[in-house]
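Enquirer: This is the structure alone, sequence omitted:
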Ligand SMILES: [Zn+2]
């Protein structure tokens, strides 16, 4: 089966390609990139599907390197199937799912279960992350070699930080032996204990307990120091504070090989969003001050922050339709990450190429996976974007099982028109 995408603007940051050309896909791979490819000349026995991409942008398939799919264990919030459908609708061709399932992904058998389920149920690629410590308890390391063999692409105790610096050090040393990147959730749990929102003006005004930004900064500094010590790269997850941005920038300027991500809510919303007491604004790390948001944007602009990831964290009404204090932390993001990222292009903070890098080749590079490029011979994972589509976000139309988005009814611009995985259309927007 062949696929021909005609008349679109093709942007591939890995090669610098940015031109109006046609893309021919055969047997799940990119076969040709050039002007004026004619379907007639290509029609084999199996026929050819032609997509007219006039006015549309063609990108390497988007990669979300921070997703919570909730399977196994919390299938009422999200499954591998519904999460993959939400990802496809958001333009993602690959999702990287965190280990804090139930049971956690801390053994090869759980990794194999996730990959088997993904083969059966998922419409896009699923790459699991293995736990760094058993049960995400931060005490003893998992069997990292077994996890790697089973197919994990990174290690992380995301949801928790590894409290014991000695365990973290050993974890990095073992991860280095297996060439697996370590993704760090940076939170000092003594400093953040009992907090529900950012510690600042809004927490004082609303009388809610605060999580100080230093709770993040301290662990970012520690994990970077351990990364330098062990000579193994770490990737800092969901950066939310000006302090983290400054520490990461300084470390990178000294040539330490680290990478970092933020999530769209950290460059879109401030702590003020909490004043409605809408529990869909409750997230960990919390929405920060306007100064932090400005620092995140600057960090994205100057390359301190390499990746934009959704940190898609589905919760049902059971966990969210409760008092703010009692609500679970988490925001879903698979179906809003692309337009919120594109809003940075509209604000002249990122170029379109930079925005594309942070959603495609940069996460691929961090994870060392063979994705995120449109070069000839590569997997035909392609996202076709309508940059001009304007619409109101409606959580009731989401493919995700959960609805905990603070962007309900927001007017956004830009959406995936087609999501193509290995040459097959995984998602097609109504029009
Ligand atoms: Zn986390």
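Expert: In hand now; what should we look at? Given the structure is predicted, the values throughout are model-derived calculations rather than measurements.
Enquirer: Going by C-alpha atoms from here, please, whenever you check contacts or count neighbours.
Expert: Noted.
Enquirer: Please give me every residue in contact with the closest residue to residue 130 other than its chain neighbours.
Expert: Leaving aside its sequence neighbours, residue 130 sits nearest to residue 155 (Cα to Cα, 6 or more residues apart in numbering; 4.8 Å). The contact partners of residue 155, by Cα atoms under 8 Å, 6 or more residues apart in numbering, come to 129-132, 175, 180-183.
Enquirer: so residue 155 bridges to which residues?
Expert: residue 130, residue 182 (DSSP bridges).
Enquirer: now it: how far from the ion?
Expert: 12 Å (Cα to the ion, to the nearest Å).
Enquirer: ok, now which ones touch the residue positioned nearest the centre of the chain?
Expert: Central residue of the chain (Cα atoms, centre = their mean): residue 309, 2.6 Å from the mean position. Shown in contact with residue 309 (Cα under 8 Å, 6+ apart): 64-67, 238, 261-264, 337, 359.
Enquirer: residues from the chain in reach of the ion?
Expert: 158-159, 185 (Cα under 5 Å from the ion).
Enquirer: Quick one: low-confidence residue ranges for the stretch 101-250 of the chain.
Expert: The stretch 101-250 of the chain contains no residues with pLDDT under 70.
Enquirer: Could I get the full set of helices for it?
Expert: Ranges of helices within the stretch 101-250 of the chain are 108-121, 144-150, 165-177, 189-192, 201-206, 214-230, 242-253, based on DSSP state H, counting those that start in this stretch.
Enquirer: next one: the stretch 251-400 of the chain
Expert: So, for the stretch 251-400 of the chain - with DSSP H, counting those that start in this stretch - the helices run 264-268, 290-301, 317-320, 337-346, 352-359, 361-367.
Enquirer: export the ones you listed to CSV and tack on mean neighbour count and mean pLDDT?
Expert: Listed next are the helices of the stretch 251-400 of the chain as CSV, based on neighbours: other Cα atoms under 10 Å; pLDDT from 0 to 100:
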stretch, mean neighbour count, mean pLDDT
helix 264-268, 23, 98
helix 290-301, 20, 98
helix 317-320, 16, 94
helix 337-346, 21, 98
helix 352-359, 22, 98
helix 361-367, 22, 98
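Enquirer: Can you say which of those is nearest to residue 21?
Expert: In terms of Cα to Cα, the element of these nearest to residue 21 is helix 352-359, at 16.9 Å.
Enquirer: Span of stretch 157-175 from start to end?
Expert: 13 Å (Cα to Cα, to the nearest Å).
Enquirer: what's the closest non-adjacent residue to residue 396?
Expert: residue 403 (7.4 Å).
Enquirer: quick one: that neighbour and residue 314 touch, right?
Expert: Yes: between residue 403 and residue 314 there is a contact under Cα atoms under 8 Å: 7.4 Å.
Enquirer: who touches both of the two?
Expert: residue 332.
Enquirer: Go through the helices of the stretch 251-400 of the chain and name the closest to residue 202.
Expert: Once the helices of the stretch 251-400 of the chain are compared by Cα to Cα, helix 290-301 is nearest, at 11.4 Å.
Enquirer: quick one: the closest one to helix 242-253, angle?
Expert: 30 degrees (axes from the mean of the first three to the mean of the last three Cα atoms, to 10 degrees).
Enquirer: Just give me how far helix 290-301 sits from the chain centre.
Expert: Here the centre of helix 290-301 is set off from its chain's centre by 18 Å, with Cα atoms, centre = their mean, to the nearest Å.
Enquirer: That one to helix 352-359, inter-axis angle?
Expert: Going by the same axes, to 10 degrees, helix 290-301 makes 100 degrees with helix 352-359.
Enquirer: got a list of contacts for helix 290-301?
Expert: Residues contacting helix 290-301 (Cα under 8 Å, 6+ apart): 239-242, 245, 249, 262, 266-271, 305-306, 349-350.
Enquirer: hang on, the earlier thing: check which helix or strand the residue nearest to residue 396 maps to.
Expert: Under DSSP states H and E, no helix or strand contains residue 403.
Enquirer: Going forward, the N-terminal residue is numbered 55.
Expert: Will do, 55 is the new start, and the previous item becomes residue 457.
Enquirer: if I look at it, how far off is residue 440?
Expert: 24 Å.
Enquirer: Kindly report the same for residue 398.
Expert: 16 Å.
Enquirer: and if you look at residue 140?
Expert: Distance from residue 140 to residue 440, counting by Cα to Cα: 17 Å.
Enquirer: Residue 303 now?
Expert: 33 Å.
Enquirer: Tell me which residues of stretch 317-335 come out buried.
Expert: 317-328, 332-335 (16 or more other Cα atoms under 10 Å).
Enquirer: which among those residues gets closest to residue 131?
Expert: residue 334 (14.2 Å).
Enquirer: Hmm, residue 449 and that closest one touching each other?
Expert: No: using Cα under 8 Å, residue 334 makes no contact with residue 449, being 11.6 Å away.
Enquirer: Of the residues of the chain next to the ion - the most surrounded one?
Expert: residue 239 (24 neighbours; other Cα atoms under 10 Å).
Enquirer: residues touching that one, list them.
Expert: Counting by Cα under 8 Å, 6+ apart, residue 239 has contacts 210-215, 290-292.
Enquirer: please redo it, this time with the cut-off set to 6 Å
Expert: 212, 215, 291 (Cα atoms under 6 Å, 6 or more residues apart in numbering).
Enquirer: re the thing from before, make TSV from the contacts of residue 363 and add distance to residue 196 to it.
Expert: Below are the contacts of residue 363 laid out as TSV (distance: Cα to Cα, whole Å):
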residue	distance to residue 196
118	24
119	21
120	20
121	21
292	23
315	24
316	27
317	28
318	31
391	32
413	29
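Enquirer: From residue 117, how far out is residue 415?
Expert: Counting by Cα to Cα, the gap from residue 415 to residue 117 is 8 Å.
Enquirer: And for residue 231?
Expert: 26 Å.
Enquirer: Looking at these two, which is more packed in?
Expert: Between residue 231 and residue 117, counting by other Cα under 10 Å, residue 117 is the more crowded of the two (29 against 11).
Enquirer: Hmm, the more buried one is touching residue 151, no?
Expert: No: between residue 117 and residue 151 there is no contact under Cα atoms under 6 Å: 11.2 Å.
Enquirer: Nearest to the ion among the contacts of residue 239?
Expert: Nearest to the ion, judged by Cα to the ion, of the contacts of residue 239 is residue 212 at 4.4 Å.
Enquirer: how about the spatially closest residue to residue 270 that is not a sequence neighbour, what does it touch?
Expert: Nearest-residue entry for residue 270: residue 241, 4.7 Å, with adjacent residues in sequence omitted and distances by Cα to Cα, 6+ apart. Applying Cα under 6 Å, 6+ apart to residue 241 gives the contacts 215, 269-270, 273.
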